[in-house]
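Undergrad: Only the shape, not the letters, is given here:
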């Protein structure tokens, strides 16, 4: 899956944007979608970069299908916000 790697029982990815406003808009859309799924990411933001680590807590903090689905949806949201990513 583009942008994502599985490491240390986590799906990890970083996304880079043109500026902070664009990164924050992306995070807002991800937050709305994650709340609807009741599956929330571990993430951080510094200026124009957003970093994710996904795992399923109720499954013992391992990567499950819920994480892969969330990652796919994050990728879809990302397409609307940026033309560049890391």
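TA: Received it, and whenever you're ready, just let me know what you need. Everything numeric in this text was worked out from a predicted model, so none of it was measured.
Undergrad: List the buried residues in the helix or strand residue 23 falls within.
TA: Assessed by DSSP states H and E, residue 23 sits inside helix 20-37. Neighbour-count burial for helix 20-37, counted by 16 or more other CB atoms under 10 Å, picks out 23, 25, 26, 27, 29, 30, 34. The way it works is simple: take the backbone N, C-alpha and C, and place the C-beta from them, glycine included.
Undergrad: Chain neighbours aside, what residue packs nearest to the first one?
TA: Which is residue 23. Nearest non-adjacent residue to residue 23, counting by CB to CB, 6 or more residues apart in numbering: residue 17, 4.3 Å away.
Undergrad: One more: the last one?
TA: Sequence neighbours aside, residue 40 is the residue nearest to residue 34 in space, at 5.0 Å (criterion: CB to CB, 6+ apart).
Undergrad: Just confirm that neighbour is within a strand.
TA: No. Secondary structure assignment (DSSP: H, G, I helix; E, B strand; the rest coil) places residue 40 in coil, not in a strand.
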